[in-house]
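# Fold the following.
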Amino acid sequence: MLVIDTLIFERLLQLQRQLLPDGGGLRLTLAGDACSGFRVGLHWSANWQPEDHIEVLKGLRLLADARHWPVLQQATLSAGEQDQCSGIRVFLPVADCDCASQQCASSPENAK
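Numbers count the residues shown, from 1 in each chain. A predicted model of the protein is given here:
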């Protein structure tokens, strides 16, 4: 299950209320794989897509491609800092992967 630190959750919910009071939500995107490393993107989206998985956590609307949700739901979002810039740190646990054969059980294309 996706875990969001309390302070980050409260700030995201506040931003959603300001930016998207009538719908949409925080879109999570996923690129890469467990062998080369996942890259998770976060941005606000006013619209849902037909292929979206929509998860509502205490009012916070999360949108993601349904194929990517099995991987993304394992994430932890917390406050982070990089190069003296504050932001959101996304942690995904190490996946079961046979990198030599390029077969990753948790890659978006293999997720069920």
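# so Leu57 bridges to which residues?
Leu60 (DSSP bridges).
# what about it, neighbour count?
A count of neighbours around Leu57, defined by other CB atoms under 10 Å, yields 15. (Glycine included, C-beta is placed from N, CA and C.)
# Equivalent analysis for Asp33, please.
Counted with other CB under 10 Å, Asp33 comes out at 20.
# wait, doesn't Arg27 sit right on Leu63?
Yes: Arg27 sits in contact with Leu63 when judged by CB atoms under 8 Å, with a separation of 4.6 Å.
# Mutual contacts of these two, please.
Ser45 (CB atoms under 8 Å, 6 or more residues apart in numbering).
# List the single closest residue to the residue nearest the centre of the chain in space, sequence neighbours excluded.
Residue closest to the average C-alpha location in the chain (CA atoms, centre = their mean): Leu28, at 3.8 Å. Closest residue to Leu28 apart from its sequence neighbours, by CB to CB, 6 or more residues apart in numbering: Ala64 at 4.5 Å.
# who's in contact with the one you found?
27-30, 52-53, 55, 72 are the contacts of Ala64 under CB under 8 Å, 6+ apart.
# one more time with 10 Å
By CB atoms under 10 Å, 6 or more residues apart in numbering, the contact list for Ala64 reads 2, 25-30, 40, 49, 51-55, 70-73, 108.
# if we can go back for a sec, for beta bridges, what are the partners of the residue nearest to the centre of the chain?
Leu42.
# gap between Ile88 and Cys99?
27 Å (CB to CB, to the nearest Å).
# got the residue ranges for the helices in this structure?
Secondary structure of the chain (DSSP state H): helices located at 6-19, 69-72.
# Which among the contacts of Ala64 count as buried?
If you count burial by 16 or more other CB atoms under 10 Å, the buried members of the contacts of Ala64 come out as 25-30, 40, 52-53, 55, 70-72, 108.
# Lovely, talk soon.
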